[in-house]
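In: Need coordinates for the below:
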Amino acid sequence: MSWKKVVATGLATSILAPAAWAADPTPLTPEVAALYYHKVANDPLNFAEAAKRSPAVKGASTFDKPAAQQAEEDRLKAAQAKVDDTTPLSIHVTVSIGQYDLNAGRFPIEAFGERHYLSLGAFGNQYRIAFANGDGVGLKLPVDQARKFDNALGVRTVTANLAAHFVGTGDPTGNLNSQYTVRVAIDKITLRRLGGAEVLAEIIPDQAASASAATPPKAPSDWDVSGLKLGMTESELTSAAKATFADKKLVIGNDRDCGGGAAMYASGKMPLGAVCVVYTLAAGKVTSVTVRQVLADARSVFNDTRQALIAKYGPPAVSDRGRYFGWGQGVGRRPQDYPLYAGVDALATQQELDVGSSGTPVLSVTLTDMATLQAKAAQAPSAAKPVSPHL
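Out: Predicted coordinates:
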């Protein structure tokens, strides 16, 4: 089990009553995490392939292998049936206690924060364990007590024994890839010295922060892209686009000026602030619409855009690399298989590529009705391998 992080973040702590803790929690092993993920994420586990990887099957003789294979498949199915959101978990990790924050009145523990995760390998995949309520974990103490604690602490690296439970899959913040990401809520943290039993402190994180949104996916007709909606007539859509982007360089019906098309890079430098709108019609009504905007290049452009998208559309159903997102009920597992899809890419001219420039960031938001989305999915080759989107 190893720690990973995308970007370090700040922390704060709130104290609430914990859920009841079981006397015999289940250790969060790679297998347990994987079984839960495939049970909940609409991504069924191939039990036959998973069983083949077990030492019991690999070590069986030719004569005993079929029986060992069947026994392992049965064991995995039975184990998966038992794991769910009510399963009490125990997690043991090594963390570092940060320097005391005088303003917040706490010692931060950044290892549980947003964009941090544990990495566990099982069945040939790497699963990420993200903490749903970790962006608020820290040891709160008054200054006088904090001084004594700090003086007695010595080595800042400690063991954290967590009581926790599953709360879903994917990442509603859009920071992590949705595939193979499992979210757990921390019920209680017990900090101990490394290699010892001495308890340094106990922390009970905010449980409200771990609550999963229970709202059902919206229908495509409930959304708009910069005021443009499905079901509009062509004249309604073009009029709305001209009104919305009156102060922009607007191109309707062609997105080449905004990095669209099949080219892997832009043929010329894209004008900053340009907006391109492309759409499809059926029976005189809009069935899909894409708004592509050329953004100002800034260090925080991807994070700022991700936050703006989530502020408007809510937590995404699926995300990829913190740059590609899907909302609604998808017909596949990629972000672009969802009725509302958004992605931020950086497109460069050949001259920019030659000098190592990242190019120009472009935001693309596409809204597609379910009939059109399902028709595209039916036409896609069944053996096609998942690929990252290119805008």
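In: what ranges do the strands span in the stretch 51-200 of the chain?
Out: Counting by DSSP state E, counting those that start in this stretch, the segments of the stretch 51-200 of the chain that form strands are 88-96, 106-108, 116-122, 125-131, 138-140, 157-169, 181-193, 199-203.
In: Looking at those, spot the one closest to Arg323.
Out: Minimum separation from Arg323 across the strands of the stretch 51-200 of the chain (CB to CB) falls at strand 181-193, 15.4 Å. (Glycine included, C-beta is placed from N, CA and C.)
In: what's the closest one packed up against?
Out: helix 30-40, strand 88-96, strand 125-131, strand 157-169, strand 199-203 (3 or more CB pairs under 8 Å, 6 or more residues apart in numbering; DSSP states H and E).
In: Report the buried residues of that strand.
Out: 181-187, 189, 191-192 (16 or more other CB atoms under 10 Å).
In: how about the helices in the stretch 251-391 of the chain?
Out: For the stretch 251-391 of the chain, the helices defined by DSSP state H, counting those that start in this stretch occupy 301-313, 350-354, 370-379.
In: Which one of the ones you listed has the poorest average confidence?
Out: For the helices of the stretch 251-391 of the chain, mean pLDDT drops lowest on helix 350-354, to a mean of 68.
In: Which one of the strands of the stretch 51-200 of the chain lies nearest to Trp327?
Out: Minimum separation from Trp327 across the strands of the stretch 51-200 of the chain (CB to CB) falls at strand 157-169, 16.0 Å.
In: what angle separates that closest one from strand 199-203?
Out: Using axes from the mean of the first three to the mean of the last three CA atoms, to 10 degrees, the direction of strand 157-169 lies 30 degrees away from that of strand 199-203.
In: buried set for strand 157-169?
Out: So for strand 157-169, counting by 16+ other CB under 10 Å, buried means 158-160, 162-169.
In: Toward the C-terminus from the helix or strand of the chain with the lowest mean pLDDT, list the very next helix or strand.
Out: Taking mean pLDDT, DSSP states H and E as the measure, the chain has strand 2-5 as its least confident helix or strand, at a mean of 55. On the C-terminal side of strand 2-5, the closest following helix or strand by DSSP states H and E is strand 26-27.
In: still on that earlier bit, how about CSV for the buried residues of strand 181-193, with pLDDT and distance to Ala68 added?
Out: Shown next, in CSV, are the buried residues of strand 181-193 (pLDDT from 0 to 100; distance: CB to CB, whole Å):
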residue, pLDDT, distance to Ala68
Thr181, 94, 32
Val182, 95, 28
Arg183, 94, 34
Val184, 96, 32
Ala185, 95, 37
Ile186, 95, 38
Asp187, 95, 37
Ile189, 96, 40
Leu191, 96, 42
Arg192, 95, 40
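In: for these, which one is nearest Val95?
Out: Leu191 (8.0 Å).
In: Point out where the chain drops to low pLDDT.
Out: 1-23, 208-217, 261-269, 349-350, 352-354, 380-391 (pLDDT under 70).
In: Can you give the domain ranges for it?
Out: With domains defined by automatic domain parsing, the chain comprises 2-210, 220-379.
In: tally of neighbours for Gln307?
Out: Gln307 has 13 neighbours, counted by other CB atoms under 10 Å.
In: re earlier: would JSON lines of the helices and strands packed on strand 181-193 with distance to Trp327 be doable?
Out: Shown next, in JSON lines, are the helices and strands packed on strand 181-193 (distance: least, CB to CB, whole Å):
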{"stretch": "helix 30-40", "distance to Trp327": "19"}
{"stretch": "strand 88-96", "distance to Trp327": "29"}
{"stretch": "strand 125-131", "distance to Trp327": "19"}
{"stretch": "strand 157-169", "distance to Trp327": "16"}
{"stretch": "strand 199-203", "distance to Trp327": "34"}
